[in-house]
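1. here are the coordinates; sequence isn't available:
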Ligand SMILES: Nc1ncnc2c1ncn2[C@@H]1O[C@H](COP(=O)(O)OP(=O)(O)O)[C@@H](O)[C@H]1O
Ligand SMILES: Nc1ccn([C@H]2C[C@H](O)[C@@H](COP(=O)(O)O)O2)c(=O)n1
């Protein structure tokens, strides 16, 4: 369905632009794609669950169940057991599943998606490589794939919402969540991921940032987080950070 049709159907808008078959400013708002970024266990899924109650928003959580079970194999678990051997396997699959999510047909005027193909590469692949746990050849092959994809396929992102949390908070929440594969994650791993996120989205010194960034501090308890989501609702839903 074209954005014009979506706009007209959802909101009964029939602007001059629509009559002339071009996208009006409303159409652009109606095709907004927002990525929720943040460290492991920073509260991304919880945030998405909260916004999923808003009408006209499609929520896509990370397909972690696929990463834990692809045709009977568990690449997520294998990666944590032996990152040097299985890092490339997991990250190749994650790249595919994230691309699939970015390109899937949008079923609502607005989409909120957990992480992105960008953080998969700029944070997690980068971390494996920098920590010496991904061989040069694996990093080179993944980088070639990533560059081909991002240079040949349009992956529109309108806004990045960065849930900025301390690695200590994430470590506590991770232990609470108690996902079997993640039991061996040390605080140092979360610190490394945090640093990469900060360099990318706050200092903007590492990699291209594909969209404006709205920073929400995520160390607060759930009640305070909901207040923050409400304070930022308009910005988030209009796809801007101002
Ligand atoms: N603001 C919060 N305060 C306390 N616990 C939280 C908060 N947000 C999420 N949690 C809990 O922390 C764990 C990780 O949250 P989750 O939303 O799954 O994180 P992510 O999707 O970023 O990995 C879950 O057990 C969740 O219930
Ligand atoms: N590119 C990625 C993305 C995620 N992971 C890992 C990190 C977690 O163990 C799990 C799910 O992440 P969460 O949603 O809980 O932040 O997947 C990875 O290794 N590489």
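-> Noted; the coordinates are in hand. As the structure is a computational prediction, the values presented were derived from the model and not from experiment. Ligands and ions are numbered 1, 2, ... in the order given.

2. Where does residue 226 sit: helix, strand or coil?
-> Three-state assignment for residue 226 (DSSP: H, G, I helix; E, B strand; the rest coil): helix.

3. Number of residues surrounding it?
-> If you count neighbours by other C-beta atoms under 10 Å, residue 226 ends up with 14. Heads up, the C-betas are built off the backbone N, CA and C, glycines and all.

4. Does residue 78 touch residue 88 like I think?
-> No: assessed by C-beta atoms under 8 Å, residue 78 is found out of contact with residue 88, at 10.9 Å.

5. More neighbours: the two, which one.
-> A direct count of neighbours by other C-beta under 10 Å for residue 78 and residue 88 places residue 88 higher, at 21 against 16.

6. In contact with that one, which residues are there?
-> Residues near residue 88 by C-beta atoms under 8 Å, 6 or more residues apart in numbering: 134, 135, 138, 141, 142.

7. Restricting to the residues you listed, which residues neighbour ligand 2?
-> Filtering these for proximity to ligand 2 by C-beta under 6 Å from any ligand atom leaves nothing.

8. Can you tell me which of the residues you listed end up in helices?
-> The members of the contacts of residue 88 that map onto helices under DSSP state H are 138, 141, 142.

9. Spatially nearest residue to the second one, not counting backbone neighbours?
-> Pointing back at residue 141 there. In space, and not counting its chain neighbours, residue 141 is closest to residue 88: 7.2 Å by C-beta to C-beta, 6 or more residues apart in numbering.

10. Now the element after the strand or helix carrying that neighbour, going C-ward?
-> Per DSSP states H and E: residue 88 is located in helix 83-103. As assigned by DSSP H and E, the chain's next helix or strand after helix 83-103 is strand 110-114.

11. tell me the domain ranges of this structure?
-> 1-30, 31-238 (automatic domain parsing).

12. Flag every residue of the protein that's near ligand 2.
-> So far as C-beta under 6 Å from any ligand atom goes, the chain lies against ligand 2 at 40, 41, 44, 62, 64, 76, 94, 120, 124, 182.

13. And for the fourth one, the neighbour number?
-> Using other C-beta under 10 Å, residue 62 is surrounded by 20 other residues.

14. can you check the fifth one too?
-> For residue 64, the count of nearby residues is 15 (other C-beta under 10 Å).

15. I figured it hits residue 76, correct?
-> Yes: Residue 64 lies in contact with residue 76 (C-beta under 8 Å); the separation is 7.1 Å.

16. what number of residues lie near residue 122?
-> Residues near residue 122, counting by other C-beta under 10 Å, number 23.

17. who's in contact with the residue lying closest to it once chain neighbours are set aside?
-> Distances taken as C-beta to C-beta, 6+ apart put residue 207 closest to residue 122, at 4.4 Å, once the chain neighbours are dropped. Residue 207 sits next to 118, 122, 200 when contact means C-beta under 8 Å, 6+ apart.

18. just checking, which of the residues you listed belong to strands?
-> Among these, none falls in strands (DSSP state E).

19. Using TSV, please lay out those together with distance to ligand 1 and pLDDT.
-> TSV is the format used below for the contacts of residue 207 (distance: C-beta to the nearest ligand atom, whole Å; pLDDT from 0 to 100):
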residue	distance to ligand 1	pLDDT
118	16	98
122	17	98
200	16	98
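
20. which of the residues you listed lies closest to residue 159?
-> Proximity of these to residue 159 (C-beta to C-beta) peaks at residue 118, which lies at 13.0 Å.

21. need the contact list for that closest one.
-> 35, 157, 207, 210.

22. Right, I'll call it a day here.
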